[in-house]
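Colleague: Structure of the sequence below:
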Amino acid sequence: MSGPYKGSKPGLVSHNDIEESQNSSIPPVTASTNNLATSEKQPEWPRDHQLDSNDSPTYPKSGEPLPGASPSLASDKSNAADDETKEAVPYPEGGLQGWLVVLGSFCGMLAAFGLMNSVGTFQAYLSTHQLAAYSESQIGWIFSVYVFLAFFCGIQIGPVFDAKGPRLLVLVGSVLLVAKYWHFMLVFGLVGGCGTSLIFTPAISSIGHFFLATRANATGIAAAGGSVGGVIFPLMLQSLFPKVGFGWATRIMGFIVLFLCVLANLLIRTRLPRKPGGSVLPDFKIFRDPAFALTTVGVFFLEWGLFIPITYLTSYASSSGAMTPTFAYQLIAIFNAGSSFGRWAPGWLADRLGRFNTMVLTVAMCAASTLVLWLPATVITVRPVFSSTTVVGLTIAYAILFGFASGSNISLTPVCVGQMCETEEYGRYYATCYTIVSFGTLTGISIAGALIAACGGGYWGVVVFTGLCYVVALAAFST
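Modeller: Now for the predicted structure:
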């Protein structure tokens, strides 16, 4: 499946709407007839609406009208003198400011999604310490609420980003995310989830203001920050829990997050004219577009399955009897190490093979690795006739391969959604999509906890559920 790439008003806006301080080093490309006649001399960057059927950037030919130009300008030449001159704003595809935004987004994602990718460490520790008297499903609701709010809050954050920019959003998110480390349980889910959402949505959306042809690559680099955090934080917590206890371990983690959030606040910014007056409600009329509707279904099912291995892989390893508790905690770091490459490499590949084509490949890898590697490992675990070496080998292979393949679940979904809308409408499209998707994240972890109880403590039911989620997602993206 390859979603249609729509025109973008930021590619054709009035010069008066653009702050003079922005893009001072970028020569404008005008849509006037005189400039079109000499377009060979103008430096041209790819724009939103200039992608071919393979999602690759195309460029206007000499004398060819710019895509996205108003039809009246092309058809009513007699009134051209009365029309206001439009200037097409090119995408710089980087530059110092663009890559500083990527760095700021990387820091923000390291803080916000680094914590999210470490929920397996918290789940394994809490289920054997403070919350040992509670069931897996009850504990799972804490992390379900956290992940749910991290995505659901985009219903307000996306449109506010379109109208106001990222500055205030990232600042408030930083305060909430750091404050949660001084509390426990309820605040983890509610305040932490809202803080993550306030950082995550602007961090990803801002990149689209500076990149188009290489947007997937830039987004993948920024999203890799979450996986890097998923490597650092679990190993750090594993070392700190027995030394300083849960309270100080999370406080130390909070100081690191504070530093990263300061960098994110300083570096994340926008470039294109803002769009005031937008509603904070999602626009469900967007689902009239079959491509967008199918994409949302695909994202829903892959997110429904994604956070189950992230949350329960460490618990499974501990309960299998094949791995030591120390290695069980390290397993989530191995998972995120694979994911850090998986968030960048598919993005780089997507700019060359197509965003949806690459998504289909990675989702297929997620389904295959879950059903071919993790499922046999969970079945073998309950049959002691097999050696523990087999279980360890299958589990490590799964952590690496699924971690790599699932990295695209975070880095490519924003790019696939952005391919279907104008850049200035990206926040609303993304918020509408994840308003639906967030309900999958709300229920996925708790359903997995209930399945573990239903299977008598076994994890094979969880694996089957995860695999089926990815099979449905694959069908949606392939249609």
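Colleague: What strand or helix carries the residue nearest the centre of the chain?
Modeller: The structure's the chain has its C-alpha centroid closest to residue 410; by C-alpha atoms, centre = their mean the separation is 3.2 Å. Element membership of residue 410, judged by DSSP states H and E, is helix 388-411.
Colleague: Off-centre distance for that helix?
Modeller: Chain-centre distance of helix 388-411: 19 Å, with C-alpha atoms, centre = their mean, to the nearest Å.
Colleague: any idea which helix or strand comes after it?
Modeller: Past helix 388-411, the next helix or strand by DSSP H and E is helix 413-418.
Colleague: Just list what the helix or strand just after that following helix packs against, helices and strands only.
Modeller: As assigned by DSSP H and E, the chain's next helix or strand after helix 413-418 is helix 426-454. If you count contacts as 3 or more C-beta pairs under 8 Å, 6 or more residues apart in numbering; DSSP states H and E, helix 426-454 packs onto helix 136-152, helix 154-164, helix 186-207, helix 290-320, helix 413-418, helix 460-478. Every residue, glycine included, has its C-beta placed from N, CA and C.
Colleague: what angle sits between helix 426-454 and helix 460-478?
Modeller: Counting by axes from the mean of the first three to the mean of the last three C-alpha atoms, to 10 degrees, helix 426-454 lies at 150 degrees to helix 460-478.
Colleague: Report the buried residues of helix 426-454.
Modeller: Using 16 or more other C-beta atoms under 10 Å as the test for burial, helix 426-454 gives 426-442, 444-452.
Colleague: picking that back up, which of the helices and strands packed on helix 426-454 has the lowest average pLDDT?
Modeller: Mean pLDDT is lowest for helix 154-164 among the helices and strands packed on helix 426-454, at a mean of 67.
Colleague: residues touching residue 351, list them.
Modeller: By C-beta atoms under 8 Å, 6 or more residues apart in numbering, the contact set of residue 351 is 56, 213-217.
Colleague: just the buried members of those residues?
Modeller: Buried among those (16+ other C-beta under 10 Å): 213-217.
Colleague: I'd like to know which of those residues are part of helices.
Modeller: 215-217 (DSSP state H).
Colleague: okay, who's weakest in those by pLDDT?
Modeller: residue 216 (75).
Colleague: Could you point out which residue ranges in the stretch 201-350 of the chain have low pLDDT?
Modeller: Within the stretch 201-350 of the chain, the segments meeting pLDDT under 70 span 272-282.
Colleague: could you redo the last one with a cut-off of 90?
Modeller: 201-235, 237-258, 260-286, 288, 303, 306-307, 310-311, 314-315, 317-333, 336-350 (pLDDT under 90).
Colleague: Return the backbone torsion pair for residue 421.
Modeller: phi -150, psi 170 (degrees, to the nearest 10).
Colleague: measure it to residue 437 for me?
Modeller: 16 Å (C-beta to C-beta, to the nearest Å).
Colleague: I'd like to know which of the helices and strands packed on helix 426-454 is closest to residue 114.
Modeller: Closest to residue 114 of these, according to C-beta to C-beta: helix 186-207, at 10.1 Å.
Colleague: and that closest one, C-alpha only, in PDB?
Modeller: Output in PDB follows, covering the C-alpha atoms of helix 186-207 (Å, rounded to 0.1, in the frame of the first residue of the first chain):
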ATOM      1  CA  LEU A 186      -0.800   6.700  40.000                       C
ATOM      2  CA  VAL A 187       1.500   9.600  39.000                       C
ATOM      3  CA  PHE A 188       3.500   7.200  36.800                       C
ATOM      4  CA  GLY A 189       0.500   6.500  34.700                       C
ATOM      5  CA  LEU A 190      -1.300   9.800  34.600                       C
ATOM      6  CA  VAL A 191       1.300  12.600  34.900                       C
ATOM      7  CA  GLY A 192       4.100  10.500  33.200                       C
ATOM      8  CA  GLY A 193       1.800   9.700  30.200                       C
ATOM      9  CA  CYS A 194       0.700  13.300  29.700                       C
ATOM     10  CA  GLY A 195       4.300  14.500  29.900                       C
ATOM     11  CA  THR A 196       5.500  11.900  27.400                       C
ATOM     12  CA  SER A 197       2.800  13.000  25.000                       C
ATOM     13  CA  LEU A 198       3.600  16.700  25.300                       C
ATOM     14  CA  ILE A 199       7.200  16.000  24.300                       C
ATOM     15  CA  PHE A 200       6.700  13.200  21.800                       C
ATOM     16  CA  THR A 201       4.200  15.000  19.500                       C
ATOM     17  CA  PRO A 202       6.100  18.300  19.000                       C
ATOM     18  CA  ALA A 203       9.400  16.500  18.700                       C
ATOM     19  CA  ILE A 204       8.200  14.400  15.800                       C
ATOM     20  CA  SER A 205       6.100  17.100  14.200                       C
ATOM     21  CA  SER A 206       8.800  19.700  14.100                       C
ATOM     22  CA  ILE A 207      11.100  17.600  12.000                       C
END
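Colleague: What is the nearest of the ones in helices among the buried ones among the contacts of residue 351 to residue 110?
Modeller: Closest to residue 110, out of all of these and judged by C-beta to C-beta, is residue 217, at 18.1 Å.
Colleague: residue contacts, the closest one?
Modeller: Applying C-beta under 8 Å, 6+ apart, the residues near residue 217 are 211, 344, 347-348, 350-351.
Colleague: Mind picking the two most distant members of these?
Modeller: For the contacts of residue 217, and using C-beta to C-beta, no pair is farther apart than 211 and 344, which are 13.9 Å apart.
Colleague: ok, residues contacting stretch 129-146?
Modeller: Contacts of stretch 129-146 (C-beta under 8 Å, 6+ apart): 116, 119, 122-123, 126-127, 184-185, 188-190, 192-193, 196, 246, 307, 311, 315, 441-446, 448-450, 452-453.
Colleague: So for that stretch, what gets flagged as buried?
Modeller: So, applying 16+ other C-beta under 10 Å, buried residues of stretch 129-146: 131, 136-137, 139-146.
Colleague: for stretch 472-479, same thing?
Modeller: So, applying 16+ other C-beta under 10 Å, buried residues of stretch 472-479: 472-474, 476-477.
Colleague: In CSV: the ones in helices among the buried ones among the contacts of residue 351, plus distance to residue 170.
Modeller: Converted to CSV, those look like this (distance: C-beta to C-beta, whole Å):
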residue, distance to residue 170
215, 20
216, 22
217, 22
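Colleague: Relative to residue 365, which of the residues you listed is nearest.
Modeller: residue 216 (17.1 Å).
Colleague: mind checking how far that closest one is from residue 347?
Modeller: 4 Å.
Colleague: Common neighbours of the two, please.
Modeller: 411-412, 415.
Colleague: of the residues you listed, buried ones?
Modeller: For these, buried by 16+ other C-beta under 10 Å: 411-412, 415.
Colleague: of these, closest to residue 370?
Modeller: residue 412 (18.3 Å).
Colleague: quick one, what contacts the closest one?
Modeller: Contacts of residue 412 by C-beta under 8 Å, 6+ apart are 216, 219-220, 346-347, 350, 355, 358-359, 362.
Colleague: got the contact list for residue 439?
Modeller: Neighbour list for residue 439: 148, 152, 300 [criterion: C-beta under 8 Å, 6+ apart].
Colleague: export these to JSON lines and tack on neighbour count?
Modeller: Formatted as JSON lines, the contacts of residue 439 follow (neighbours: other C-beta atoms under 10 Å):
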{"residue": "148", "neighbour count": "24"}
{"residue": "152", "neighbour count": "23"}
{"residue": "300", "neighbour count": "22"}
